[in-house]
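**Q** A predicted structure for the sequence below; I have some questions about it.
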Amino acid sequence: MTSFITHHGGCHCGRVRFEVDAPARIRALECNCSICRMTGFLHLIVPAARFRLLQGAEVLSEYAFNTGIARHRFCSVCGIKAFYVPRSNPDGIDINVRCLDTVTIEHLHVDPFDDADRERGTAALAHLSRGDA
C-alpha cells in the first residue's frame, strides 16, 4: 500500500493555493500534446477527494477546447495552470508537479505520455483518479 503525505502548491503570484495527498516519491507524466508541451505541465493525476483548494477560487479562469471534457483552470492574475480536470480522468484532478512546493518531494520520476496514441495511453491512466495506484 502506498502511503501519502500532504504536498502544498500554487500559482506564481500565490493567490491560488492548494494541497494534495500523494506519495513523497512522485511518478509524473509528461505529455507531448500541444497544450501540455506549450505550458510545460508535468502531470500528477489524483482522485478529487485527495485535492483541496485552499484559496483563490475567485481568481481562477477556465479554458476548454476540443471535446470540452477537460477543464483547464488557471490563475487570471499570473496565468499559471497549477491544476485542472483532465479529459483522461474527468473524476480526478491533475496537478502540475512543477507547481508543488519542492520541500515535500522526496523523488520525482517522469514517464513520457504519447498523445499520438491517446486511446491506449488514456486507458492506461484510468485507474489514477480511482486511487488504486
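**A** Good, I have the coordinates.
**Q** My understanding was that residue 130 contacts residue 46; is that so?
**A** No. With contact defined as CB atoms under 8 Å, residue 130 does not count as touching residue 46 (10.1 Å). (Glycine included, C-beta is placed from N, CA and C.)
**Q** So these two - more neighbours on which side?
**A** Taking neighbours as other CB atoms under 10 Å, residue 130 and residue 46 compare with residue 46 leading, 21 against 11.
**Q** partners of the one helix or strand residue 73 maps to in the sheet?
**A** For residue 73, the element it lies in under DSSP states H and E is strand 71-75. Neighbouring strands of strand 71-75 in its sheet, by DSSP bridges, are strand 60-63 (antiparallel), strand 83-85 (antiparallel).
**Q** nearest to residue 110, of the ones you listed?
**A** strand 83-85 (17.5 Å; CB to CB).
**Q** neighbouring contacts of that closest one?
**A** 18, 51, 70-73, 92-96, 99 (CB atoms under 8 Å, 6 or more residues apart in numbering).
**Q** Filter the residues you listed down to the buried ones and hand me the PyMOL line.
**A** Selecting only the buried entries of the contacts of strand 83-85 in PyMOL, with 16 or more other CB atoms under 10 Å as the criterion:
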select buried, resi 18+51+70+72+73+92+93+94+95+96+99
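**Q** which one among the contacts of strand 83-85 gets closest to residue 7?
**A** Closest to residue 7, out of all of the contacts of strand 83-85 and judged by CB to CB, is residue 95, at 8.0 Å.
**Q** now the closest one, what's its secondary structure?
**A** Of the three states, residue 95 takes strand under DSSP: H, G, I helix; E, B strand; the rest coil.
**Q** Contacts only, for it.
**A** Here residue 95 is in contact with 9, 18, 20, 22, 43-46, 51, 82-83 (criterion: CB under 8 Å, 6+ apart).
**Q** Out of those, which end up buried?
**A** 9, 18, 20, 22, 43-46, 51, 82-83.
**Q** Those into JSON lines, with extra columns for secondary structure, pLDDT and distance to residue 65?
**A** JSON lines is the format used below for the buried ones among the contacts of residue 95 (DSSP: H, G, I helix; E, B strand; the rest coil; pLDDT from 0 to 100; distance: CB to CB, whole Å):
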{"residue": "9", "secondary structure": "strand", "pLDDT": "98", "distance to residue 65": "24"}
{"residue": "18", "secondary structure": "strand", "pLDDT": "98", "distance to residue 65": "23"}
{"residue": "20", "secondary structure": "strand", "pLDDT": "98", "distance to residue 65": "25"}
{"residue": "22", "secondary structure": "strand", "pLDDT": "97", "distance to residue 65": "27"}
{"residue": "43", "secondary structure": "strand", "pLDDT": "94", "distance to residue 65": "17"}
{"residue": "44", "secondary structure": "strand", "pLDDT": "96", "distance to residue 65": "22"}
{"residue": "45", "secondary structure": "strand", "pLDDT": "94", "distance to residue 65": "19"}
{"residue": "46", "secondary structure": "strand", "pLDDT": "96", "distance to residue 65": "23"}
{"residue": "51", "secondary structure": "strand", "pLDDT": "98", "distance to residue 65": "23"}
{"residue": "82", "secondary structure": "coil", "pLDDT": "97", "distance to residue 65": "19"}
{"residue": "83", "secondary structure": "strand", "pLDDT": "97", "distance to residue 65": "17"}
